[in-house]
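*Asks:* sharing a sequence plus its predicted fold:
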There are 2 protein chains.
Amino acid sequence: MTKIVQIKQTRIQREKRLLIQKAALQVFSEFGLRGATLDKIAKACGLTKPNILYYYSSKDEIYAEVLQSLLEEWIRPLKDISENGDPLTEILKYVKKKLTMSKTKKQESKLFATEILHGAPLTQNILAGSLKETVDDKVKLLNKWISEEKIAPVDPYHLIFSIWSMTQHYADFDVQVYSLLNTKKRSRIFQDAEDFLLTFFTRCLKQD
Amino acid sequence: MTKIVQIKQTRIQREKRLLIQKAALQVFSEFGLRGATLDKIAKACGLTKPNILYYYSSKDEIYAEVLQSLLEEWIRPLKDISENGDPLTEILKYVKKKLTMSKTKKQESKLFATEILHGAPLTQNILAGSLKETVDDKVKLLNKWISEEKIAPVDPYHLIFSIWSMTQHYADFDVQVYSLLNTKKRSRIFQDAEDFLLTFFTRCLKQD
DNA sequence: GTCTATAAATCGATAGAC
DNA sequence: GTCTATCGATTTATAGAC
């Protein structure tokens, strides 16, 4: 697969590449890496196929760059969980932030999910590297809070997995979620989801 | 897309088609519909490409049949939640069953996830049909249990979504889960996950 | 930098021998 | 029923005019 190298760019070049990235994110998230074609990406951004390949050397390189810029954004909110705040409040803030991302960054969520689902061929290093570092760091913090009896005892790794899965579900499986709710509930999915999740995690983590 | 029609088959034909289905499930779940090729499926079951196309008229037909037989199996456990059992016990039994499926039916889970993620082109009808029927039925039951104060009040739709997302996460995102755990914790993922989930749902649903 | 035209590769599907 | 050979369509990527 393609390696990402940093190259000096003019302003115009940066803008065109961003235009292509935006279209590519949309197409890749809907069809996956192999279902996406340069024709679809070209149509989505109003350029021609050879013109896209003037800015990127291959389809794989576009995919790699889209994925790369997404991953950094994806890991960031976890880092914001602060040692200084109130434990339960910090965790609930993270849940809210992740749920908001499912609403506003649906394409990113789906692309990330597809990549992991298919074995994370381009992402393995990051998962085992910087993401693992951040997770291990927050696991330590959660364990500290548990030993101080500030939150109820629980496996911190699986707590993090549960936050990820429950919040991302509303982006990744949106078609299913919408199919199962009636019109009325459909219009307030994210309010209902937030109420549910905050209640759920509060009941599970609150110390008596 | 291809429509499924029931055709009379000899025993040999049934066996060959099952052989192909099994290989196809493996390949489709790893690469998706478009990433999968007949060559890969052929290699996986030890047949040649034209031989596969002797038993199936197209790649799409194989995909449709694999997905079809998976969907019935996928919906079934939800139906087993019984009105007659103890409410919390019934829900926890369902959680356990779904988690077990994530362990033993990983390929099926990934294929289903990929299908929904990409807009459920072949599955929409079933989602809005028989799955919605079953879900609505169980939502009524959960609401009944809530009004009888047998479980704590909670949005029943989102409760079901939370069970699905948290359990399926261990199949669909296995690469990520494994990357983040050390060897020791990796060997007991499913025990830890079960402990976590049962504790969590008990704390969330138990009436004081 | 952007285009049309086309080369090159991949892949689904078929023809036809056995 | 199964195979080899190949067609035809799609799609990535390049050549070369402007």
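*Replies:* In hand now; what should we look at? These numbers were taken from a predicted model, which means no experiment stands behind them.
*Asks:* distance of A:A128 from A:V135?
*Replies:* According to Cβ to Cβ, to the nearest Å, A:A128 and A:V135 sit 11 Å apart. All C-beta atoms are positioned from the backbone trio N, CA, C, and that covers glycine.
*Asks:* how long is stretch A:124-143 end to end?
*Replies:* Start and end residues of stretch A:124-143 are separated by 26 Å (Cα to Cα, to the nearest Å).
*Asks:* right, is it up against chain B?
*Replies:* Yes. Using Cβ under 8 Å from any Cβ of the partner chain, stretch A:124-143 comes into contact with chain B via A:Q124, A:L127, A:A128, A:L131, A:K132, A:V135.
*Asks:* give the rounded mean pLDDT of stretch A:175-190.
*Replies:* Mean per-residue pLDDT for stretch A:175-190: 98.
*Asks:* what is the nearest of the residues of stretch A:124-143 next to chain B to B:Y56?
*Replies:* A:Q124 (33.7 Å; Cβ to Cβ).
*Asks:* residues in contact with that closest one?
*Replies:* A:Q124 makes contact with B:V175, B:S179, according to Cβ atoms under 8 Å, 6 or more residues apart in numbering or on different chains.
*Asks:* could you report the pLDDT at it?
*Replies:* 96.
*Asks:* what does A:T10 give?
*Replies:* 86.
*Asks:* which helix or strand lies directly C-terminal to the top helix by length along chain A?
*Replies:* When chain A is parsed with DSSP state H, its longest helix is helix A:11-35. Where DSSP states H and E defines the elements, the next helix or strand beyond helix A:11-35 is helix A:38-45.
*Asks:* show me how far that next one is from its chain's centre.
*Replies:* 23 Å (Cα atoms, centre = their mean, to the nearest Å).
*Asks:* tell me if it is near DNA strand D.
*Replies:* Yes. Interface with DNA strand D: helix A:38-45 contributes A:L38, A:D39 (Cβ under 7 Å from any atom of the strand).
*Asks:* does that helix reach chain B?
*Replies:* No. Residues of helix A:38-45 are not located near chain B by Cβ under 8 Å from any Cβ, the shortest gap being 11.9 Å.
*Asks:* contacts for whichever helix or strand comes after that helix, please.
*Replies:* Going down the chain from helix A:38-45, the next helix or strand is helix A:49-55, by DSSP H and E. With Cβ under 8 Å, 6+ apart as the test, helix A:49-55 has contacts from A:Q13, A:K16, A:R17, A:I20, A:L38, A:D39, A:I41, A:A42, A:C45, A:I62.
*Asks:* and stretch A:109-117, by the same measure?
*Replies:* A:25, A:28-30, A:32-33, A:66-67, A:70-71, A:74, A:101-102, A:121-123, A:127, A:168, A:171-172, B:32, B:110, B:113-114, B:117-118, B:172-173, B:175-176.
*Asks:* picking that back up, list buried residues within the residues of stretch A:124-143 next to chain B.
*Replies:* Buried residues within the residues of stretch A:124-143 next to chain B, counting neighbours by 16 or more other Cβ atoms under 10 Å in any protein chain shown: A:L127, A:A128, A:L131, A:K132, A:V135.
*Asks:* JSON lines please, covering those and showing distance to DNA strand C and secondary structure.
*Replies:* As requested, those are exported to JSON lines (distance: Cβ to the nearest atom of the strand, whole Å; DSSP: H, G, I helix; E, B strand; the rest coil):
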{"residue": "A:L127", "distance to DNA strand C": "26", "secondary structure": "helix"}
{"residue": "A:A128", "distance to DNA strand C": "28", "secondary structure": "helix"}
{"residue": "A:L131", "distance to DNA strand C": "30", "secondary structure": "helix"}
{"residue": "A:K132", "distance to DNA strand C": "32", "secondary structure": "helix"}
{"residue": "A:V135", "distance to DNA strand C": "35", "secondary structure": "helix"}
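*Asks:* for A:V175, which non-adjacent residue is spatially closest?
*Replies:* Distance criterion Cβ to Cβ, 6 or more residues apart in numbering or on different chains; nearest residue to A:V175, sequence neighbours excluded, is B:A120 at 4.8 Å.
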